[in-house]
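Undergrad: sequence unknown, structure follows:
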């Protein structure tokens with residue numbers, strides 16, 4: 001896959017997204033997106049910034065989240081239900097009427113997954129069900145131990161025969177060939193999304209399937225676009241290291257509300273730590289594309305108090321991801337489901353963050369800026385460290401995340417508070433001068449190389465330096 005070249009995936013916000021040819025971040029990348037020069041997506045490919053929702057809506061909606069609205073609100077890509085077949089003609093046509101790029105799903109026929117019924121399938125993605133017109137029929141057969149004819153229709157990957165494996169690979173070959181041979185679709189594909197998700201490497205057949213799927217993409221895509229798969233919220237850095245040879249980006253779900261961590265937003269930092277820690281062991285690090293949360297259902301309702309906090313949750317999660325090394329954002333998901341009463345609240349929150357990133361020029365800083373790793377923080381009041389005890393993880397992380405860049409001869413500092421309370425702190429080791437809070441327009445005095453600041457619960461500040469005397473007098477100075 002064009003080894004020793006670079007590719008850039010800066011994610012969605014599908015998202016996503018997951019940096020940067022010629023960028024400051026010293027990581028080198030093993031692949032380059034070499035897309036048809038006449039396509040809209042190819043013009044962005046070298047420094048593509050993923051702000052991608054899963055499953056934008058094609059039905060008329062007053063709640064937001066339609067393909068057209070996603071395009072108008074500054075998102076850069078779409079996925080994943082957009083492969084060329086009779087089931088997705090409407091979605092594909094709507095997407096092609098926008099300027100959005102596409103993360104193209106590669107799934108052996110239809111993967112039937114029910115995230116709320118672990119008794120029948122185990123971890124998401126461990127069963128492939130193909131050629132079934134009705135997923136429920138397949139589920140019924142599985143539970144009743146009735147054998148289908150042909151038998152591979154509902155088999156687990158772990159027990160797949162050589163014939164089954166070959167059938168699945170042949171189907172993926174045909175999906176890629178079909179997409180590549182369609183000039184309009186091919187020119188808009190920015191990456192491939194491998195399914196099934198959450199491959200279990202302890203199952204030899206699953207490991208083999210991932211290897212063969214990735215090799216199939218390499219063999220049949222002449223443009224050598226990157227491919228990756230989704231990993232669960234509880235994925236460890238060790239697993240990511242073990243799949244690194246067969247993916248071009250690390251992507252993990254981060255769903256605090258579903259996981260019961262609504263008021264433990266430190267889960268974002270935890271997940272990013274797993275991905276960046278895995279990257280630190282690699283000669284050719286991967287893009288970091290976290291999948292952030294836009295989800296509610298009858299099985300996972302959000303209480304009234306937390307519904308009011310959704311804008312804070314979304315904003316915190318997005319900027320905490322960037323402060324901890326994300327190259328872009330993917331969002332799960334804008335698909336409508338029963339019980340999604342907070343849909344419009346979620347969509348408005350995500351579209352606001354996307355507008356901030358695009359309208360305020362922040363995506364250029366994140367994508368193109370030189371990562372300095374110079375600024376430091378000393379907490380003077382409030383929570384210093386936050387324990388994260390969830391599943392098999394018993395970790396402790398600093399309450400404040402920080403990342404600093406230099407871009408266009410200006411310094412930028414992003415700080416995010418993951419605590420449930422306010423935190424006061426000294427921002428130290430910054431270039432002397434005045435700084436502007438990009439969001440509030442207030443001035444921060446850093447003339448002595450440090451500044452005293454405070455952030456509320458889940459608060460975010462993004463500072464920009466400028467030479468003294470260049471700020472309007474009407475701005476308020478923060479001491």
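TA: Now that the structure is in, tell me what you want to look at. Values in this document were obtained by computation on a predicted structure and should not be read as measured data. Numbering: from 1, shown residues only.

Undergrad: Would you pull up how far stretch 421-435 lies from the middle of the chain?
TA: On the basis of Cα atoms, centre = their mean, to the nearest Å, stretch 421-435 sits 29 Å off its chain's mean C-alpha point.

Undergrad: same question, stretch 441-448
TA: In this view, stretch 441-448 has its centroid 33 Å away from the chain centroid, taken as Cα atoms, centre = their mean.

Undergrad: Equivalent analysis for stretch 277-290, please.
TA: With Cα atoms, centre = their mean as the basis, the distance from the averaged C-alpha position of stretch 277-290 to the chain average is 14 Å.

Undergrad: Span of it from start to end?
TA: 14 Å (Cα to Cα, to the nearest Å).

Undergrad: So for it, what gets flagged as buried?
TA: Judged by neighbour count using 16 or more other Cβ atoms under 10 Å, the buried positions of stretch 277-290 are 278, 279, 282, 284, 285, 286, 287, 288, 289, 290. (C-beta placed from N, C-alpha, C; glycine too.)

Undergrad: Next: stretch 248-263.
TA: 248-259, 261-262.

Undergrad: Out of the residues you listed, name the ones that lie in strands.
TA: Per DSSP state E, strands hold the following members of the buried residues of stretch 248-263: 249, 250, 253, 254.

Undergrad: hang on, the earlier thing: so of the buried residues of stretch 277-290, which ones are in helices?
TA: Applying DSSP state H to the buried residues of stretch 277-290, the entries found in helices are 278, 279.

Undergrad: okay, residue 456: pLDDT?
TA: Per-residue confidence (pLDDT) for residue 456: 98.

Undergrad: Leaving out chain neighbours, which residue sits closest to it?
TA: Closest residue to residue 456 apart from its sequence neighbours, by Cβ to Cβ, 6 or more residues apart in numbering: residue 422 at 4.9 Å.

Undergrad: again, but for residue 321
TA: Taking Cβ to Cβ, 6+ apart as the measure, residue 321 lies nearest to residue 290, with 5.0 Å between them; neighbours along the chain are not counted.

Undergrad: Contacts only, for residue 325.
TA: Residue 325 sits next to 272, 275, 276, 279, 288, 403 when contact means Cβ atoms under 8 Å, 6 or more residues apart in numbering.

Undergrad: I figured the fifth one was touching residue 278, is that so?
TA: No - under the criterion of Cβ atoms under 8 Å, residue 288 lies out of contact with residue 278, with a separation of 9.4 Å.

Undergrad: which residues are common contacts for those two?
TA: Applying Cβ under 8 Å, 6+ apart, one finds that residue 288 and residue 278 are jointly contacted by residue 250.

Undergrad: for the stretch 151-300 of the chain, which spans come out with low pLDDT?
TA: Where the stretch 151-300 of the chain drops to pLDDT under 70, the residues are 151-156.

Undergrad: all helices for it, in order.
TA: Secondary structure of the stretch 151-300 of the chain (DSSP state H, counting those that start in this stretch): helices located at 162-180, 183-186, 204-220, 237-243, 266-279.

Undergrad: most neighbours per residue, which of those?
TA: When you average the neighbours per residue for each of the helices of the stretch 151-300 of the chain (mean count of other Cβ atoms under 10 Å), helix 266-279 leads with a mean of 23.

Undergrad: Please report the distance of residue 188 from residue 56.
TA: Noted for residue 188: a distance of 14 Å to residue 56, by Cβ to Cβ, to the nearest Å.

Undergrad: neighbour count winner among the two?
TA: Between residue 188 and residue 56, counting by other Cβ atoms under 10 Å, residue 56 is the more crowded of the two (30 against 26).

Undergrad: pretty sure the more buried one is in contact with residue 331, am I right?
TA: No - under the criterion of Cβ under 8 Å, residue 56 makes no contact with residue 331, lying 9.8 Å away.

Undergrad: Would you mind saying which of the helices of the stretch 151-300 of the chain lies nearest residue 305?
TA: Distances from residue 305 to each of the helices of the stretch 151-300 of the chain were compared using Cβ to Cβ; the minimum, 18.8 Å, belongs to helix 266-279.

Undergrad: Touching the closest one from outside, list them.
TA: Contacts with helix 266-279, where a contact means Cβ under 8 Å, 6+ apart, come from 27, 233, 235-238, 240-241, 244, 250, 252-254, 256, 259, 261, 285-286, 288, 290, 292, 316-317, 320-321, 324-326, 386, 388, 390, 393, 395, 397, 399, 401, 418.

Undergrad: coming back round to it: from the contacts of residue 325, which is closest to residue 103?
TA: Within the set of the contacts of residue 325, residue 288 lies nearest residue 103; the separation is 15.4 Å, counting by Cβ to Cβ.

Undergrad: Who is the closest one paired with across the strands?
TA: Per DSSP bridges, residues listed as beta-bridge partners of residue 288: residue 250.

Undergrad: Next, work out how far apart residue 257 and residue 328 are.
TA: For residue 257, the distance to residue 328 - Cβ to Cβ - is 21 Å.

Undergrad: Now do the domain split for this protein, please.
TA: For the chain, automatic domain parsing gives the domain ranges 41-112+163-368, 372-478.

Undergrad: What helix or strand is residue 363 located in?
TA: Counting by DSSP states H and E, the secondary-structure element that holds residue 363 is helix 362-368.

Undergrad: Count residues in the vicinity of the closest residue to residue 311 other than its chain neighbours, would you?
TA: Excluding its sequence neighbours, the residue lying closest to residue 311 (Cβ to Cβ, 6+ apart) is residue 349, at 4.3 Å. Neighbourhood size, residue 349 [other Cβ under 10 Å]: 20.

Undergrad: So which elements touch the helix or strand hosting residue 349?
TA: Taking DSSP H and E as the definition, residue 349 sits inside helix 343-359. If contacts are counted by 3 or more Cβ pairs under 8 Å, 6 or more residues apart in numbering; DSSP states H and E, helix 343-359 sits against strand 51-53, helix 304-323, helix 362-368.

Undergrad: can you redo the ones you listed as TSV with mean pLDDT, distance to residue 266 and mean neighbour count?
TA: Output for those, formatted as TSV (pLDDT from 0 to 100; distance: least, Cβ to Cβ, whole Å; neighbours: other Cβ atoms under 10 Å):
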stretch	mean pLDDT	distance to residue 266	mean neighbour count
strand 51-53	94	23	33
helix 304-323	98	8	21
helix 362-368	94	21	21
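
Undergrad: Can you add distance to residue 379 and give the ones you listed back as TSV?
TA: TSV is the format used below for the helices and strands packed on helix 343-359 (distance: least, Cβ to Cβ, whole Å):
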stretch	distance to residue 379
strand 51-53	32
helix 304-323	16
helix 362-368	25
